[in-house]
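Asks: Sequence and predicted structure, then a few things I'm wondering about:
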2 protein chains.
Amino acid sequence: MQPSSFPRRDFVRALAGGAAASGLLACAREASSTSSSQPAMTPEPAGAAPTAATSPTAAAPGSAPPAVQKADGQSYAPKGKPNPVVKPGEFTIAAAYLDHGHIMGQCNGLTEAGATLKWVHDPDPKKVADFVAKFPGVKVAETLDVILADPEVKLVTSAAVPNQRGPVGIRVLESGRDYFADKPPFTTLDQLDKAKAAVAKTGKKYMVYYSERLHNESAMFATDLVQQGAVGRVRQVLGLGPHREGKGRPDWFYEHDKYGGILCDIGSHQFEQFLTYAGATDATVMHAAVANYAHPEHPGLEDFGEASLLGNNGATNYVRVDWFTPPGLSTWGDGRLMILGEKGYIELRKYVDVARDKTGNHVYLVDEKGEQHIEVEGKVGFRFFGEFILDCIHRTEKAMTQAHAFKAAELCLKAQAAARKLG
Amino acid sequence: MQPSSFPRRDFVRALAGGAAASGLLACAREASSTSSSQPAMTPEPAGAAPTAATSPTAAAPGSAPPAVQKADGQSYAPKGKPNPVVKPGEFTIAAAYLDHGHIMGQCNGLTEAGATLKWVHDPDPKKVADFVAKFPGVKVAETLDVILADPEVKLVTSAAVPNQRGPVGIRVLESGRDYFADKPPFTTLDQLDKAKAAVAKTGKKYMVYYSERLHNESAMFATDLVQQGAVGRVRQVLGLGPHREGKGRPDWFYEHDKYGGILCDIGSHQFEQFLTYAGATDATVMHAAVANYAHPEHPGLEDFGEASLLGNNGATNYVRVDWFTPPGLSTWGDGRLMILGEKGYIELRKYVDVARDKTGNHVYLVDEKGEQHIEVEGKVGFRFFGEFILDCIHRTEKAMTQAHAFKAAELCLKAQAAARKLG
C-alpha cells in the first residue's frame, strides 16, 4: 500500500458515494476478462446519502457531465454534476485576475461543490464580461481590495499571470482568507518561500488547481486504484503532457519570466501526479532539459521539456511536456499517464483514446489477472472541490495537504532551474 | 525529411513490393477520417514481381504470417511470409550457440528470405534437438570449427550468452564470414573495439538482430512513415520496453557480467530505434539509471532501467525498460514507441493493443489532418532479412550500415556505464 494524502476512509466514502472504483472495475473485468473476482477491492457498503457540509461525493454512476469544449487547452473547463457540500451562502468565494481560462474550471469546480461565487475582479472589462456571462449574478469588483474588504468572502481564487499568482496570494492570505491559485502557483522559489511564510503566519491555505489530476475523472479514479494497491508498490510514474499552442495566446504566454518555463508551467501537473501516485513526499531532480525547437519567432517560449526525478521512496518519475499537439488531434492534448507498479500498471488516456474514441477518461489496468479498459467519464466526478471547501471550513487537509501542494510547486521550479537548454 | 540509413529508393521499392505505407495509410484514413488525400504519400506504382537476388520485398497485403507464441519474450520468434531473395544454396548460413531463444527468430528471418541453413552448433544437445525440430534437415556440427571449415558457409548467426557474442563474432569474421549476432552484440566497450578492428581488418559484417524494430511490422512501417516525413522533423523518440521475466530463465540471465545490465540488454533495441527514427548518427547520455526494485533473490538482476539521450541532431530519446510485465498481460510485453515530430506523432503498440486487441502491430498516427489507427500485422513483412542477405552478397549497406549497428551497441554500453543505481 502506498502512502498517500488521501486517507483510506475518504476513499471508501467516495466509493460509497458512487465513484466506486471497485464497482466500475468489476463491470470492466466481467466484460473483458474471464476472471471472477477482485480480492483487493472490497469497499464498504454504500452508506446514507451525504448531507450538506459533511461528505463530498462523486457524481452518480452514469450521470455524464455536460459536454465541454476540448479543442483548446487554455479554455478547457470541465463541468461535473453539481454536488454541493454546503448550502448557498455557507461558503462565499471571489474570483480575481482571469488571465488564464483555467479560472472557469476553478469556479465550475467550487460552485458545483456548493460555493457561492459573489465577486469577480479583473482590470480587463472584456475578461470580466466573459466571466459574468458564464457565472450570471456575480458582482463586479473594481479592485481586489473591494473583495478583501467583504467579510463574507472566505476564499479567493485566481488565474493571474503566473508570476503574479504568488503576490496576489500573499495579499489574500494576509487578509485572512484562503487562496486557490491556478497552476503553476509560482514562477520563482522566492515566491514559494514567501507563500510558505504567509501560510505559517496566517494559518490560511494556499491551495493549487492541479487540474490535470483534480479535474480529470480518470486521474481521480487512478488515485483510488493506486491507493487500493491495484498495481502493488508503485515504482515509476511516467507522464506525457502534450498541449496545443493554438491561436490567440496572450503575450505573457511567450514571456519566460511571466510563465516560468515549460517545466514550471505545464510540468507542474506532472510533478503533482508523481507525488500522488508514487506516494512520495519529496524528490530530487536527476535530469531536466528544455528546448525551443520550432518557435524561433518566440524566443521566450519553450516548446519541449523533460525531467527525471527520484522520489524519496525510491520511485522514479519521467515527465515530458510539449506544445506540439498537431491540428489533426480531436482535443487539445493526448495526455497520458503510466503508473508502473510491481504487480501491474495503469495507463490513463485522459482526453482522448486516440483514433479509438473521442471521449476522455479512459483507464487501462493490467494486473495479475488480466487487461481491463475502464471508461470512467461521467462516473467518478471531481471530489477534490467539495473536500477542499470542507477543509477550508473545518481546517482539515483531506483534499490535499499544504505540504503536498507546495512540494509539487517546488519540484517544478527546481526541475526548471536544473534544465539543460537544448535545440 | 530526416536523414536515415534507409535511402528513399529502397523505401519506394518496399512500397512497390507491397509494404505500401501509403496504401495502408490511405485505407486507414478513409475509414477513420474525412480527409481525402495524403499529399506527402505518393509511392511509385507497383512494379514487377521481385526476382531472386535482386529485390527484397515485404509480405503481400493481407497475407498474415502464421501465429507466433507471444506469452514469453525469450522464445518470441516471429514468422513472416517466405519471400526469398536468393535461390536455395546461393546463401548458406549456420547457427552457432543457441543460448537465447532469439536464435529461432534470427533463423526464421534469414531462411524466409532464402538463406540455406546448413549447420547448427551448441554444446547442449537439448538446445540442438529443439533447434533441429524447428529446422529439419540442418546438420549438427560438433564444434564451431567444423562450421568455419566449410567453404559454403557465408554467414554465422549466434545467440550465445551476451558476453560471448563478441568473441564468437571475432572468430567468425576472422574466418572470412559475415556475422549476425543477437542483441546485445557486446557487454563491454572493449568487445566493441575489438569487433570494430576485426571489421576493419576483414571487411566482413558484424550485424545485429535488433528484433524490436527489424522483426516487428509496426516498427518497420513506422520506419517508412518517418522517412516519408509523415510527422515532420522528429524531435523525440520515447520507447517503453517492458518484458516478462517468466519462468525458466537460464542462470546467465541473472548474472550481470554475462547479460551486461538491463540498459545494455533490452535497452539496446531502444537506442537502435532512436538512431533510426530520429535520424541521428550519434548521441550523448544525459541521464541513466537502473534498479533492482523487486528481485532481492537475484542481486545480479536489474529489473528497471531508464535513460535520456541527446542526439547529434538535437533530438532527444527517453527509454524505459523493465521486467515487470504482469501475469495478466496477454503477451510478453506492452512495448510502445512514441515518435514526436514537429508536425505530428506516431505511437506504436507493438505486441498488443492493451484491453482492445490481442494482435500486435498497431500504428497510431496523428498529423495535421487527423487521427488514424493503422493495423499492419501481416501487411508489411520483414524486409531487413532479404536486404541484409543481398548486402552480404553485394557488399552494400541497404539493410543497415555497420556504423549504425555499432553506434546503437555503443550507446547501450555507454548508458549502462553511466547509470545511477537506484532502489
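Replies: Sure thing, it's come through.
Asks: Can you give me every residue that contacts the closest residue to chain B within chain A?
Replies: Residue of chain A nearest chain B, by Cβ to the nearest Cβ: A:H287 (3.3 Å). Every residue, glycine included, has its C-beta placed from N, CA and C. Going by Cβ atoms under 8 Å, 6 or more residues apart in numbering or on different chains, A:H287 touches A:E306, A:A307, A:S308, A:A418, A:R420, B:M286, B:H287, B:S308.
Asks: biggest separation within those, which pair?
Replies: Across those, the longest distance by Cβ to Cβ is 12.8 Å; it joins A:A418 and B:S308.
Asks: More neighbours: those two, which one.
Replies: Higher neighbour count among A:A418 and B:S308: B:S308, with 27 against 16, using other Cβ atoms under 10 Å in any protein chain shown.
Asks: Quick check: buried residues in the longest helix seen in chain A?
Replies: Counting residues, the longest helix in chain A under DSSP state H turns out to be helix A:402-418. For helix A:402-418, burial by neighbour count (16 or more other Cβ atoms under 10 Å in any protein chain shown) applies to A:402, A:404-416, A:418.
Asks: Stretch A:377-385 now?
Replies: Across stretch A:377-385, burial judged by 16+ other Cβ under 10 Å covers A:G378, A:K379, A:V380, A:G381, A:F382, A:R383, A:F384, A:F385.
Asks: Could you point out which residue ranges in the stretch 51-200 of chain A have low pLDDT?
Replies: For the stretch 51-200 of chain A, the stretches with pLDDT under 70 are A:51-69.
Asks: what about the strands in it?
Replies: With DSSP state E, counting those that start in this stretch as the criterion, the stretch 51-200 of chain A has strands at A:92-96, A:116-121, A:139-140, A:153-158, A:178-182.
Asks: Give the other helices and strands that the fourth one contacts.
Replies: It stands for strand A:153-158. Using 3 or more Cβ pairs under 8 Å, 6 or more residues apart in numbering or on different chains; DSSP states H and E, the elements in contact with strand A:153-158 are strand A:92-96, helix A:102-112, helix A:144-148, helix A:162-174, strand A:178-182.
Asks: Then the second one?
Replies: For strand A:116-121, the helices and strands in contact under the criterion 3+ Cβ pairs under 8 Å, 6+ apart are strand A:92-96, helix A:102-112, helix A:125-134, strand A:139-140, helix A:144-148.
Asks: any chance of those in TSV, plus distance to chain B?
Replies: Below are the helices and strands packed on strand A:116-121 laid out as TSV (distance: least, Cβ to the nearest Cβ, whole Å):
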stretch	distance to chain B
strand A:92-96	35
helix A:102-112	25
helix A:125-134	30
strand A:139-140	41
helix A:144-148	41
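Asks: Ok, which of the ones you listed comes nearest B:T359?
Replies: When the helices and strands packed on strand A:116-121 are compared by Cβ to Cβ, helix A:102-112 sits nearest B:T359, at 38.8 Å.
Asks: Need the residues that contact the closest one.
Replies: Residues contacting helix A:102-112 (Cβ under 8 Å, 6+ apart): A:74-84, A:93, A:95, A:97, A:117, A:131, A:134-135, A:155, A:157-159, A:180, A:182-183, A:209, A:211, A:214-215, A:382, A:384-385, A:388-389.
Asks: can you map out the helices along chain A?
Replies: Along chain A, counting by DSSP H, helices occupy A:8-17, A:21-32, A:102-112, A:125-134, A:144-148, A:162-174, A:189-202, A:211-214, A:217-227, A:256-259, A:267-278, A:383-394, A:402-418.
Asks: so which of the buried residues of stretch A:377-385 comes closest to B:M338?
Replies: Minimum distance to B:M338 across the buried residues of stretch A:377-385 is 26.5 Å, recorded for A:V380 (Cβ to Cβ).
Asks: Before I go, just wanted to say thanks for your time.
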